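In: Give me coordinates for this.
(one chain, ligands or ions: 2)
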Amino acid sequence: MKVEKQSNKGSTEQIVVVALGGNALENSDSPTADNQKKVIEASMTHIAELISVGMKVVLTHGNGPQVGRIGLQNEAAKEITPPMPFDVCGAMSQGMLGYHIQQALKGELNNRGIVSSGVSSLVTQVVVSPHDEAFNNPTKPIGPFYTKSEAEALERSKGYVMKEDSGRGFRRVIASPKPLEIVELATIKALLNENITVIAVGGGGVPVIKKGTTLDGVEAVIDKDFASAKLAENIDAHTLVILTEVEKVALNFGKENQKWLNTLTLQEVDEYTAQGHFAKGSMLPKVEACSAFVRSKKGRKALITSLSKVNEALRGETGTHIVS
Ligand code: ADP
Ligand code: MG
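Out: Numbers count the residues shown, from 1 in each chain. Ligands and ions are numbered 1, 2, ... in the order given. Sure thing, here's the model as predicted:
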C-alpha cells in the first residue's frame, strides 16, 4: 500500500543543501541525452531517500562539461545562427540539467508514494562585484582548445584572455568571482515553504552585475561550492552536503601516506590548507565552502562525501564532517 506523506507546510524540518558534482550528472564517455537522463535517474534515488526520511532538500549542481558542450554547439553553428554568450549558455545548462533532475526526482518520489512533494528547478542569477579581483586574473578554462595562432586571433578580435592548458593547446579563460547575493532567494524560500524541492544555483548560478535597478549577465563562472554555501547560509539550512567522487577528504591525497579524514575542524582546515593538502579548483573550494558555512552560525554542519554514501554520511557513519 502506498502511503501519502503529509505535506509539512512551513515546518521546521531539517533543511539540507546538497551540491551535486559532475559525476552525478553525466556519462562522460557518451554524453547523450538518454545517458544524461539515465545517470541522473540513478543519482536521484539517493536524493529521494533523503526526502523520504523527512529532510527538506535544496539541490545545487555543477555544469562544467555541459556548459562546455553548449558553448561548443554555439561555436560550431555560428554561421547558421548567432552564438549565445557564456551567461546565456549557463542559463541553458541550468534548464537542461534541471529538466532531467526534476523529472527523475519527481518520478522516484512518485515510485515511493511521496506524491505530495513537488520538484522544481529555478534559473538562478547570482550577483557578483564588477570590482572582484578575479576579473583581473581569469583562471577558469572554458570551451574548445585552439592553436597558438587561433588563440592570438581571438585575443585580438574578441578581447578574450587565452591561456595554454597543460600541453593540450590554448583555451579561453574567464574569471571566477565570489557570489555576493542570490537574486531569486525569496522565490527559493517561498517554494521551500510550500514543501517543494528546489534545484537552484546550477553551475554556481548565472553571474550578473547590478546596473542601477537592472541586472546584466557577465561572462564569468561562479564556483558551485561557494554558491551552494552562500545559498545554505541565506536559507538558514542546517547542513551543507557537497557530493563528489570521493567518500572522504584525505591528507596526502593520492600518495602512499594518504589518510582519509572523518572530521575536519575549522582550525585543521586552515592548517592543512596552508600545508597544501587540498587541490586548488577541486577539493580546496569544497573545504573552503564547508568551513565558511560552519563558521557562519553556531550549530551549522557541513559534510563532504560521495553520492552513493550520502544517506550513511548524514547518519554520521561516513564522509568527512567539517566541525567547529
Ligand atoms: P566535482 O566535479 O564533484 O565538483 P572535483 O573533481 O572538482 O569535483 O573535485 C573533487 C576531486 O578532488 C576528488 O574526486 C579528488 O580526485 C580530488 N582531490 C583533491 N585533493 C583531495 C583531497 N585532499 N582529498 C580527497 N580528494 C581530493
Ligand atoms: Mg570532477
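In: which non-adjacent residue is nearest the one residue in the stretch 1-150 of the chain that gets nearest to ligand 1?
Out: Ranking the residues of the stretch 1-150 of the chain by distance to ligand 1 (CB to the nearest ligand atom) places Gly21 first, at 2.1 Å. Any C-beta I mention is one placed from the backbone N, CA and C, and that applies to glycine too. In space, not counting the residues next to it along the chain, Gly21 is nearest to Thr244; the distance is 4.1 Å by CB to CB, 6 or more residues apart in numbering.
In: now Gly217
Out: Closest residue to Gly217 in three dimensions, ignoring its sequence neighbours and counting by CB to CB, 6+ apart: Asp87, at 3.1 Å.
In: List the buried residues for the helix or strand harbouring that neighbour?
Out: Under the criterion DSSP states H and E, the helix or strand holding Asp87 is helix 86-111. Within helix 86-111, the residues that qualify as buried are 86-87, 89-94, 96-106, 108-109, counting by 16 or more other CB atoms under 10 Å.
In: which parts of the helix or strand just after it are buried?
Out: Stepping forward along the backbone from helix 86-111, the first helix or strand reached (DSSP H and E) is strand 118-121. Using 16+ other CB under 10 Å as the test for burial, strand 118-121 gives Val119, Ser120, Ser121.
In: Could you pull out the strands in the stretch 151-300 of the chain for me?
Out: Listed in chain order, the strands found in the stretch 151-300 of the chain under DSSP state E, counting those that start in this stretch are 161-164, 170-174, 181-182, 196-199, 206-211, 214-217, 239-244, 249-251, 259-261, 263-265.
In: Now look at the helix holding Asp87 and say if it contacts ligand 1.
Out: No: contact of helix 86-111 with ligand 1 is not found when judged by CB under 6 Å from any ligand atom; the minimum separation is 13.3 Å.
In: how far does that helix sit from the chain's center?
Out: Centre-to-centre, helix 86-111 and its host chain are 13 Å apart (CA atoms, centre = their mean, to the nearest Å).
In: filter the buried residues of strand 118-121 down to the ones near ligand 1?
Out: By CB under 6 Å from any ligand atom, no member of the buried residues of strand 118-121 lies near ligand 1.
In: Tell me the residues of the stretch 51-200 of the chain that contact ligand 1?
Out: Along the stretch 51-200 of the chain, the residues adjacent to ligand 1 under the rule CB under 6 Å from any ligand atom are Gly62.
In: if we go to 8 Å?
Out: With the criterion set to CB under 8 Å from any ligand atom, the stretch 51-200 of the chain comes near ligand 1 through Gly62, Gly64.
In: Could you list the low-confidence segments of the stretch 51-200 of the chain?
Out: Scanning the stretch 51-200 of the chain for pLDDT under 70 picks out nothing.
In: dump the residue contacts of the residue lying closest to Asp216 once chain neighbours are set aside.
Out: What sits nearest to Asp216 in space, not counting adjacent residues and going by CB to CB, 6+ apart, is Ile209, at 5.5 Å. Going by CB atoms under 8 Å, 6 or more residues apart in numbering, Ile209 touches Val127, Val128, Ser129, Pro130, Leu215, Asp216, Val218.
In: The fourth one: neighbour count?
Out: Around Pro130 there are 11 other residues, counting by other CB atoms under 10 Å.
In: Looks to me like it is in a helix.
Out: No: secondary structure of Pro130, determined by DSSP: H, G, I helix; E, B strand; the rest coil: coil, with no helix assignment.
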